[in-house]
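Novice: model the structure of this input:
(2 chains)
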Amino acid sequence: MNDQSAMVELEQVSFGYGSRKILHNISLRIPRGKVVAIMGGSGCGKTTILRLIGGQVKPTSGRVLVDNQSVEELNAQKLFLLRRKMGMLFQMGALFTDQTVFENVAFQMREHTDLPEDLIRNLVLMKLHAVGLRGAHHLMPSELSGGMARRVALARCIALDPELILYDEPFAGLDPISLGVIGQLIRRFNDALGATSIVVTHDIKESLKIVDYVYMIADGTVIAEGTPADIQMSDHPFLAQFVNGKADGPVPFHYPAPDYASHLLGAER
Amino acid sequence: MKTILQGVEFIGRQVTDRLILLGAICRFLISILLMSAMCLRRPWLVVREVYFIGVLSLLIIVVSGLFVGLVLGLQMYDTLERFGSGDGVGMVVALALVRELGPVLSALLFSSRAGSAVTAEIGLMKATEQLNALEMMAIQPLARVIAPRFWAGVISLPLLNVIFCALGVFGGYLVAVQLLGVDAGTFWSQMQNAVDFRQDVVNGIIKSVIFAVAVSLIAVYEGYSAVATAEGVSRATTRTVVVSALVVLALDFVLTAFMFRGF
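Specialist: Reported below is the predicted structural model:
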């Protein structure tokens, strides 16, 4: 894994909102051309890693390198230039609800390029064809099913052929068919565009099928990493709980609470 | 002693909270102004919002203006007639409208019709990560979403105010001349003599521009700073209407004191 140059590197990064610490001294390396999954339970700081990579939040300590640039040191203008190389798929799709599917995909082309309108039209139809929704170009986002909206968002996120694609929970809330479709598209786009993809997810089954490497996050730090085969073979107690979906284990079922009996008897409120 | 201290602390916190909020809103206004270049480069962004914010508010402004004029005509004629000066109804209706009722009522209606819609729209864009998505696409939400809506509000409200006043005067004319039989010539000439263009009409429009800045700023600020949940957006929308109303009324008192009493 170390023989390729890294598209994204996190070096000893810590981050927190106020006194709430989310990431502790986390280090990751995402090589160019690979699809890497960042996995972990809800609220473990996975999405925060994407926000750090996108420069939407700054680390309290450590460095975030994207394409050999230190994200936290960039001024607004340079950060925006860097973001033009990125595409991000948001958990809820984040489609612009006042625009049609076509306009959503065309949005970045119209904002960032001077391409003539008939070329934009062809490009948009090609992107939509790639996600299988060319026929839905005239629909509004409110007329789409969850899976279709996710695919439109995917088409929009690759509109300008990004070098780095960030996926925030791409599998959340999808039916089994859409799940498979999105998984295949993530893999296919990465290879076709020669891009690098980071998939933040807790869907272990679907993501292990398509990724090259996995980082497991718990309590704001990397607890395991390896290829999908390594992860499936691992006997790490957290992984065993995570992979098999057990209710209790290293990740406790109960939120921290006072002693049950004394709580019921009213000793504490 | 403890309760007194707590009381002082409470008042102090309330005051500093308000001051911090005022500072935040002023900084927000400055950022909008600095980010307004895109509105000049691509005026269609503003024109589109003027349609949603201004043109779609026309119905409520037209109907309200007409009815306020009708009622004013009836009430004023009745009172003035007791002193034998029912002919002056045109003058009173016009002065009341262009100086006070037009700017204030159009601003209140505008904040409840368009301000609340802008807040809800921006708040929902935030809640559904659309503003986040814009940022990740290297597009400033302040320039692309907030500034066009702000400027559309600033352009629309003074125009709506003028329409409100015109319809109000027409309503007064309908009641006084057509219904109560005041002479049309007297109605218009008394109005023309009493209403000064610079002192009354221009001051009314200046008021309206100031209200437009205040109401539009409150609407976009509340939307942009809304907590990104259903409850947060609903609270922000309510706050837009309530805060706009209070600010408009307070500003109106101050402006009237300066403009028409010459403090």
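Novice: I figured A:Leu89 was touching A:Pro162, is that so?
Specialist: No - using CB atoms under 8 Å, A:Leu89 is not in contact with A:Pro162, being 10.6 Å away. Using the backbone N, CA and C atoms, a C-beta is placed for each residue, glycine as well.
Novice: which bits of chain A sit near chain B?
Specialist: By the criterion of CB under 8 Å from any CB of the partner chain, the positions of chain A lying close to chain B are A:54, A:56, A:80-81, A:83-84, A:86, A:88, A:90-92, A:94-97, A:107-108, A:111-112, A:166.
Novice: sort out for me which of those residues are in strands.
Specialist: Cross-referencing the residues of chain A next to chain B against strands under DSSP state E gives A:Met86, A:Met88, A:Leu166.
Novice: ranges for the helices of the stretch 101-250 of chain B?
Specialist: B:102-110, B:116-127, B:130-136, B:141, B:147-173, B:184-194, B:203-224, B:230-260 (DSSP state H, counting those that start in this stretch).
Novice: Serialize those helices to a markdown table and add fields for mean neighbour count and mean pLDDT.
Specialist: Listed next are the helices of the stretch 101-250 of chain B as a markdown table, based on neighbours: other CB atoms under 10 Å in any protein chain shown; pLDDT from 0 to 100:
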| stretch | mean neighbour count | mean pLDDT |
| --- | --- | --- |
| helix B:102-110 | 26 | 96 |
| helix B:116-127 | 23 | 94 |
| helix B:130-136 | 22 | 91 |
| helix B:141 | 19 | 93 |
| helix B:147-173 | 24 | 96 |
| helix B:184-194 | 15 | 92 |
| helix B:203-224 | 23 | 95 |
| helix B:230-260 | 16 | 93 |
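Novice: turn the ones you listed into JSON lines, including distance to chain A.
Specialist: Formatted as JSON lines, the helices of the stretch 101-250 of chain B follow (distance: least, CB to the nearest CB, whole Å):
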{"stretch": "helix B:102-110", "distance to chain A": "21"}
{"stretch": "helix B:116-127", "distance to chain A": "8"}
{"stretch": "helix B:130-136", "distance to chain A": "4"}
{"stretch": "helix B:141", "distance to chain A": "12"}
{"stretch": "helix B:147-173", "distance to chain A": "12"}
{"stretch": "helix B:184-194", "distance to chain A": "44"}
{"stretch": "helix B:203-224", "distance to chain A": "14"}
{"stretch": "helix B:230-260", "distance to chain A": "13"}
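Novice: which of these sits closest to B:Phe67?
Specialist: helix B:147-173 (6.7 Å; CB to CB).
Novice: pLDDT of stretch A:40-49, averaged?
Specialist: Averaged over stretch A:40-49, pLDDT sits at 80.
Novice: output the set of residues of the stretch 1-150 of chain B in proximity to chain A.
Specialist: B:124-125, B:128-130, B:132-133, B:135-139, B:144.
Novice: identify the farthest-apart pair in these.
Specialist: The widest separation within the residues of the stretch 1-150 of chain B next to chain A (CB to CB) is 22.5 Å, between B:Leu124 and B:Ala138.
Novice: list the buried ones in the helix or strand of chain A with the lowest mean pLDDT?
Specialist: Least confident helix or strand of chain A, by mean pLDDT, DSSP states H and E, is helix A:237-244 with a mean of 73. Under the neighbour-count criterion of 16 or more other CB atoms under 10 Å in any protein chain shown, helix A:237-244 has A:Phe238, A:Leu239, A:Gln241, A:Phe242, A:Val243 buried.
Novice: send me stretch A:253-269 as PDB with only the CA atoms.
Specialist: Only the C-alpha atoms of stretch A:253-269 are listed here, as PDB (Å, rounded to 0.1, in the frame of the first residue of the first chain):
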ATOM      1  CA  PHE A 253     -25.600  -1.500  24.300                       C
ATOM      2  CA  HIS A 254     -26.300   0.900  27.200                       C
ATOM      3  CA  TYR A 255     -25.600   4.600  27.200                       C
ATOM      4  CA  PRO A 256     -23.600   5.400  30.300                       C
ATOM      5  CA  ALA A 257     -26.100   5.600  33.200                       C
ATOM      6  CA  PRO A 258     -26.100   5.400  37.000                       C
ATOM      7  CA  ASP A 259     -26.700   2.000  38.700                       C
ATOM      8  CA  TYR A 260     -30.000   0.600  37.500                       C
ATOM      9  CA  ALA A 261     -31.400  -0.400  40.900                       C
ATOM     10  CA  SER A 262     -30.600   2.800  42.700                       C
ATOM     11  CA  HIS A 263     -32.000   4.800  39.700                       C
ATOM     12  CA  LEU A 264     -35.300   2.900  39.800                       C
ATOM     13  CA  LEU A 265     -35.500   3.500  43.600                       C
ATOM     14  CA  GLY A 266     -35.200   7.200  43.000                       C
ATOM     15  CA  ALA A 267     -31.800   7.700  44.700                       C
ATOM     16  CA  GLU A 268     -30.600   9.600  41.600                       C
ATOM     17  CA  ARG A 269     -32.500  11.700  39.100                       C
END
